[in-house]
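In: Structural data only, the sequence is not supplied:
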């Protein structure tokens, strides 16, 4: 049975409550929690909304939804990074296994390549999962983008190093580095990432290094916890949301924005290389709230 979207739940709330009283706001809090915003954030957001509606004498579905959109837009931010011409740019892709990180690397490379940015190199720096190297090489071949790879089990930071050196020799460009995401052993993961982070910082020109976290938008509060771990370990500049076509979830962008201040770069909606687009806050909130 398909899950009801958050937007549908909101619609149902307005039809079952004749007035926007305490019961309405309590049910709205529950709906937000189910929409993956998390209990604490849901309560804080609804308290803010309720107080602003009371002070501004705001009533009715349309007015309340617009006020809610205004409240949420304070937390959900979009960002767009562009590689700087004639410089060494490095985008390190972070994320746990299974979120679609390797495919996302290829989608971003393909999108830039199709939009005229040809100096892209994929770095197969997830050297722990043999399939990840093969997968990235396969993608590189399909989209016509070069892949720098070493053998399975080699030092991940050395792959990034070689990719960055290769870009530098060509007068600049972008390295998109796929990395391992074994969160079950946090200490090892963090240690490994810190090492790659150091190499990326050294090899990229000033202001040209970005750390981008890939999350599965259907996993809700798990995705928030992953963002906390990676952000604490090395810092995160932006997130990419995969499986974004699932309408029942998606509120995690609000949680990550509110708790960690991290903006959203891209959203991925399907399996093909073209199923990626820049995140648009307005569109996201309209779809989330059913406006």
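Out: Right, received. Where do you want to start? Note that the coordinates shown come from a computational prediction; the quantities given were computed from them, not determined experimentally.
In: When you work out contacts or count neighbours from here on, use the C-alpha atoms and nothing else.
Out: Will do.
In: where does the stretch 101-250 of the chain dip in pLDDT?
Out: For the stretch 101-250 of the chain, the stretches with pLDDT under 70 are 182-186, 245-249.
In: can you pull out the strands in it?
Out: 120-125, 146-148, 173-179, 209-216, 238-242 (DSSP state E, counting those that start in this stretch).
In: OK, contacts around the closest residue to residue 101 other than its chain neighbours?
Out: Distance criterion C-alpha to C-alpha, 6 or more residues apart in numbering; nearest residue to residue 101, sequence neighbours excluded, is residue 214 at 5.9 Å. Going by C-alpha atoms under 8 Å, 6 or more residues apart in numbering, residue 214 touches 93-96, 99-101, 104, 239-242.
In: Turn those residues into CSV, columns for neighbour count and distance to residue 181.
Out: Compiled in CSV, the contacts of residue 214 are given as follows (neighbours: other C-alpha atoms under 10 Å; distance: C-alpha to C-alpha, whole Å):
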residue, neighbour count, distance to residue 181
93, 25, 10
94, 26, 7
95, 27, 5
96, 22, 4
99, 21, 9
100, 18, 11
101, 25, 9
104, 24, 14
239, 27, 15
240, 27, 15
241, 27, 16
242, 25, 15
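In: I'd like to know which of the residues you listed is nearest to residue 171.
Out: Ranked by distance to residue 171 (C-alpha to C-alpha), the contacts of residue 214 are led by residue 93 at 22.8 Å.
In: name the element the closest one belongs to?
Out: Residue 93 is part of strand 88-94 when elements are defined by DSSP states H and E.
In: Residue 64 now?
Out: Going by DSSP H and E, residue 64 is in helix 61-73.
In: buried set for that helix?
Out: 61, 64-65, 67-69, 71-73 (16 or more other C-alpha atoms under 10 Å).
In: which helices and strands sit right next to it?
Out: helix 39-55, helix 281-289 (3 or more C-alpha pairs under 8 Å, 6 or more residues apart in numbering; DSSP states H and E).
In: what's the average pLDDT for stretch 15-28?
Out: The average pLDDT for stretch 15-28 rounds to 88.
In: May I see the buried residues of that stretch?
Out: 20, 24-25, 28.
In: what's the answer for stretch 139-147, then?
Out: Those would be 139-140, 143, 145-147, for stretch 139-147 by 16+ other C-alpha under 10 Å.
In: Count residues in the vicinity of residue 225, would you?
Out: 12 (other C-alpha atoms under 10 Å).
In: just residue 112 next, same as before
Out: Neighbour tally, residue 112, other C-alpha under 10 Å: 17.
In: so it touches residue 118, yeah?
Out: Yes. With contact defined as C-alpha atoms under 8 Å, residue 112 and residue 118 form a contacting pair (7.4 Å).
In: coming back round to it: strand partners of the strand holding residue 93, parallel vs antiparallel please.
Out: Within its sheet, strand 88-94 is paired with strand 173-179 (parallel), strand 209-216 (parallel), according to DSSP bridges.
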